[in-house]
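In: sharing a model that was predicted from the sequence below.
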2 protein chains.
Amino acid sequence: MREFSIRRLDAGSPDFSSELDHLLAWESVADLQVEAAVSEILQQVKNRGDAAVIEFTNRFDRRNLQSAAEFCLGKDALQQALQRIPAESREALETAAKRVREYHQHQLQSSWQYREADGTLLGQQITPMERVGIYVPGGKASYPSSVLMNAIPAKVAGVDEIQMVVPAPDGQLNDLVLAAAAIAGVDRVFTIGGAQAVAALAYGTDSIARVDKIVGPGNIFVASAKRAVFGQVAIDMIAGPSEILVICDGKTDPDWIAMDLLSQAEHDEQAQSILLSPDADFLDAVEKSLQKLLADLPREAIASRSIADRGALILVRDIAQAIEVSNRIAPEHLEVSVDDPEQYLPQIRHAGAIFLGRYTAEALGDYCAGPNHVLPTSGTARFSSPLGVYDFQKRSSIIFCSPQGADTLGRVAATLAKGEGLDAHARSAEYRVRDTAD
Amino acid sequence: MREFSIRRLDAGSPDFSSELDHLLAWESVADLQVEAAVSEILQQVKNRGDAAVIEFTNRFDRRNLQSAAEFCLGKDALQQALQRIPAESREALETAAKRVREYHQHQLQSSWQYREADGTLLGQQITPMERVGIYVPGGKASYPSSVLMNAIPAKVAGVDEIQMVVPAPDGQLNDLVLAAAAIAGVDRVFTIGGAQAVAALAYGTDSIARVDKIVGPGNIFVASAKRAVFGQVAIDMIAGPSEILVICDGKTDPDWIAMDLLSQAEHDEQAQSILLSPDADFLDAVEKSLQKLLADLPREAIASRSIADRGALILVRDIAQAIEVSNRIAPEHLEVSVDDPEQYLPQIRHAGAIFLGRYTAEALGDYCAGPNHVLPTSGTARFSSPLGVYDFQKRSSIIFCSPQGADTLGRVAATLAKGEGLDAHARSAEYRVRDTAD
């Protein structure tokens, strides 16, 4: 085991602002070689479809595919996986799915209309997307929870067809992932991954229908491919490393808080775990707990590296200052482990998900509390939201002018159109104006 | 005047599907030289701030800026422009702004919560972004309506500060644009444009505060810069050429329909105007009207090129088939110029904005009906929406577990976490489970 260390900061120090900038600094490395490789893969799949998908999959995932049919799994294969997994896992997945479904139903948006005094009707029609694609990482890091979190909001939105891609390196597939797909209502699974899978979803091939949106996490090739097809299809945010910010008044068991920090740190070495407390003794206690608990963690190497490189224990003046710091960070996960935590909600401006109270471990939100675990990272909670039903619905404006409404509006529109030098706009509006129409 | 021509298609023809693909084919050209130039501009502004902004602005816009203060306009300058414009323009802008504001207020989303039987609280907190940037093209193509359409939804959302950039080539600024900024409640205007303006908004400089989202149309340098900073900040969709699809039963005055098609065609040569009708004689009549009306249109050269290159008159079997074709196209603007048009709304699956009835000229929606004129183009209505208040709000999930809730959820989470090999997640959840907590 390596030597334990974690950064200590004081929000009252004159250097705090620049120290915080340094702590948060993280930039996704744009890798030109990766971009060039991805661009070539996208082009090949766009031009040659399934044949290119088969070639890249055989090469990168060490498969021996002869035909496209071999990478297609239907609903029966998913159901078989569901039969094979242990009963306890199945029950846990089904409980989680039920809770995620119930929570997300609150996000459904409905069409609306209103009629003005002159009879003109205005509104917005809200409809689901037709077909979406979900990327699920394969191999060692297989996350059935990710299948639920990505597929269920689409299902609740009313998406007609959900296609999932999951690579099967050396032919290996995870039954829990397939079982989760069955529970979530995924329609078709393709055992492919990487940029070639993103390309197939974005452009379509003979076996894989083109989708309207691609969601789900992946490695740098997947992220780069998603960025490249953005515009052709919709994509979700490109995620950075996961982070947790805990605000604690010092009265929660330090082991609990330490394990919450470690649950983030064990994800990967770039993950970030930060604790803010006005109680210096508590920071000491959590530091001791971290050291103690790290020792027998299976993923100790990853977690201790993350804690040493990107973790921090920060002394604050009070909870109000902690929230100020938190708003500046705009964390993906924010735990508010204090008495009467709801009182602070109005002050919390930016956070992906807010976990209130001493009993709300962030891990509950990762799996089964109900809210989505796909959350904005790296400060993007300033401008983005958890994945939700709203990501799979879209809106069409509705305008139905009465003759009187067209008369009133036509005059205004004609004036503005002439100001912009757009005569056909003005004339088109004026045809509907009573006096000047001819 | 050039010779008039417009494509004629028949939706019943066996070749129709491929003809339609050909008609719609349009791809934004990724220009590697532009991307390289933009990348350099972004880097310079990121590293050198205002100094780089001044240099690029002097070079590209033929300005003589000596200091950053010279490109900053405060609210007083905007108010002065408002005083200078003709009363008729001011009234039209104020009427349009009032209607756009009223319509967009219907889009405001509110936080929600619900409590489960065991006391666990779940919900979502909805908050506005802090600061957004609006890009407004300058020079010849100055569109005050675009200022209203981009700024008002942000204002309705409750955004704290709205910054606008508008280039002033050769020092020229459009009073209508500045007046619209005053009416819309823009806080600060910077008379800069191009990739350097996008960079300044995305990274911040000494004079320009970093924003959370950048919206608004621009040329290929602006679009390329927005794509490059996507992720660092949020951006709106990158727009393609504008399009209109008109479905008409043949009973609207052919001059009205022709002018509606021309109002799109006059935007630019790549704009697309398509008419679908089951009445072949009506298609002939509209063709004649187009030729006649084009003749004395100030922007005849642009419009006739657009009509010849990208326009089409398409014969359909009936209105139902017209809607099928429309759903495949997913048009930015859809006019349904028929009797009792509301009956068709449930069948309309994809469209940016739907204009119902013979009196609802698309131009009314461009200026003052109320809905936004920033709409998804090039078939992206399959997965995206008009610009709206929802583009300037974001959500934070809320989870507040009762001890009983943490007990129930902790068991499920621990099972799932172990299935994913994430032990710290499992232990963090188990601390809150009653029997196994220690």
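Out: That came in fine, so what should we check first?
In: what packs against the lengthiest helix in chain A?
Out: For chain A, the helix with the greatest residue count under DSSP state H is helix A:87-105. Judged by 3 or more Cβ pairs under 8 Å, 6 or more residues apart in numbering or on different chains; DSSP states H and E, helix A:87-105 is in contact with helix A:144-157, helix A:175-184, helix B:403-419. The C-beta positions use only the backbone N, C-alpha and C, and glycine is treated the same way.
In: can I get the longest one as CSV, trimmed to CA atoms?
Out: Okay, so that is helix B:403-419. Only the C-alpha atoms of helix B:403-419 are listed here, as CSV (Å, rounded to 0.1, in the frame of the first residue of the first chain):
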residue,chain,number,x,y,z
PRO,B,403,-33.5,6.6,7.9
GLN,B,404,-36.1,4.0,6.8
GLY,B,405,-35.7,4.9,3.2
ALA,B,406,-31.9,4.7,3.5
ASP,B,407,-32.3,1.2,5.0
THR,B,408,-34.5,-0.1,2.2
LEU,B,409,-32.5,1.6,-0.6
GLY,B,410,-29.1,0.8,0.9
ARG,B,411,-29.7,-3.0,0.6
VAL,B,412,-30.6,-2.7,-3.1
ALA,B,413,-27.8,-0.3,-3.8
ALA,B,414,-25.3,-2.6,-2.1
THR,B,415,-26.4,-5.6,-4.1
LEU,B,416,-26.1,-3.7,-7.4
ALA,B,417,-22.7,-2.1,-6.4
LYS,B,418,-21.2,-5.5,-5.6
GLY,B,419,-22.4,-6.8,-9.0
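In: my guess is A:Ile398 contacts A:Gln113. True?
Out: Yes: using Cβ atoms under 8 Å, A:Ile398 is in contact with A:Gln113, at 6.5 Å.
In: touching both of these two, which residues are there?
Out: Residues touching both A:Ile398 and A:Gln113 (Cβ atoms under 8 Å, 6 or more residues apart in numbering or on different chains): A:121-124.
In: got a markdown table for these, with distance to A:Ala25 too?
Out: Formatted as a markdown table, the shared contacts of A:Ile398 and A:Gln113 follow (distance: Cβ to Cβ, whole Å):
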| residue | distance to A:Ala25 |
| --- | --- |
| A:Leu121 | 52 |
| A:Leu122 | 47 |
| A:Gly123 | 46 |
| A:Gln124 | 41 |
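In: point out where chain A drops to low pLDDT.
Out: Applying pLDDT under 70 to chain A flags residues A:1-2, A:27-30, A:139-141, A:435-438.
In: so for A:Ile398 and A:Gln113, which sits in the more crowded spot?
Out: Each of A:Ile398 and A:Gln113 has its neighbours counted (other Cβ atoms under 10 Å in any protein chain shown); A:Ile398 has more, 23 against 14.
In: tell me who's in contact with that one.
Out: A:113, A:121-125, B:345, B:353-354, B:356, B:371.
In: tell me which two in these are the farthest apart.
Out: Pairwise distances across the contacts of A:Ile398 (Cβ to Cβ) peak at 14.6 Å, for the pair B:Leu345 and B:Pro371.
In: so which of the helices and strands packed on helix A:87-105 comes closest to A:Leu409?
Out: Among the helices and strands packed on helix A:87-105, the nearest to A:Leu409 by Cβ to Cβ is helix A:144-157 (33.2 Å).
In: and the helices in the stretch 151-300 of chain A?
Out: Along the stretch 151-300 of chain A, counting by DSSP state H, counting those that start in this stretch, helices occupy A:175-184, A:194-203, A:220-229, A:254-265, A:280-295, A:300-310.
In: out of everything not next to it in sequence, what's closest to A:Arg434?
Out: Nearest in space to A:Arg434, with sequence neighbours left out and distances taken as Cβ to Cβ, 6 or more residues apart in numbering or on different chains, is A:Asp407 at 5.1 Å.
In: that neighbour: how many residues sit nearby?
Out: When neighbours are counted by other Cβ under 10 Å, A:Asp407 registers 18.
In: thinking again about what came up before, need the helices of the stretch 151-300 of chain A in TSV with mean neighbour count and distance to B:Pro254, can you?
Out: Below are these laid out as TSV (neighbours: other Cβ atoms under 10 Å in any protein chain shown; distance: least, Cβ to Cβ, whole Å):
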stretch	mean neighbour count	distance to B:Pro254
helix A:175-184	25	52
helix A:194-203	28	39
helix A:220-229	22	41
helix A:254-265	28	65
helix A:280-295	18	77
helix A:300-310	21	67
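In: among these, which is nearest chain B?
Out: Among those, helix A:254-265 comes nearest to chain B, with 4.1 Å by Cβ to the nearest Cβ.
In: then the closest one to CSV, C-alphas only?
Out: Extracted in CSV, the C-alpha atoms of helix A:254-265 (Å, rounded to 0.1, in the frame of the first residue of the first chain):
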residue,chain,number,x,y,z
PRO,A,254,-16.5,10.4,9.9
ASP,A,255,-16.4,6.8,8.6
TRP,A,256,-19.6,7.4,6.7
ILE,A,257,-18.3,10.6,5.1
ALA,A,258,-14.9,9.0,4.3
MET,A,259,-16.6,6.1,2.6
ASP,A,260,-18.8,8.5,0.6
LEU,A,261,-15.6,10.2,-0.6
LEU,A,262,-14.0,6.8,-1.4
SER,A,263,-17.1,5.7,-3.3
GLN,A,264,-16.3,8.4,-5.8
ALA,A,265,-12.5,7.9,-5.7
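In: before we move on, the earlier item: in a markdown table, list the helices and strands packed on helix A:87-105 along with distance to B:Tyr143.
Out: Formatted as a markdown table, those follow (distance: least, Cβ to Cβ, whole Å):
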| stretch | distance to B:Tyr143 |
| --- | --- |
| helix A:144-157 | 34 |
| helix A:175-184 | 45 |
| helix B:403-419 | 52 |
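In: tell me who's in contact with the most centrally placed residue in chain A.
Out: In chain A, the residue lying closest to the centroid (Cα atoms, centre = their mean) is A:Val374, at 3.3 Å. By Cβ under 8 Å, 6+ apart, the contact list for A:Val374 reads A:146, A:149-150, A:215, A:217, A:236, A:239, A:386-387.
In: including neighbour count and distance to chain B, could these go into TSV?
Out: Output for these, formatted as TSV (neighbours: other Cβ atoms under 10 Å in any protein chain shown; distance: Cβ to the nearest Cβ, whole Å):
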residue	neighbour count	distance to chain B
A:Ser146	24	9
A:Met149	28	11
A:Asn150	29	15
A:Val215	24	11
A:Pro217	19	13
A:Asp236	19	11
A:Ala239	19	10
A:Pro386	26	5
A:Leu387	25	10
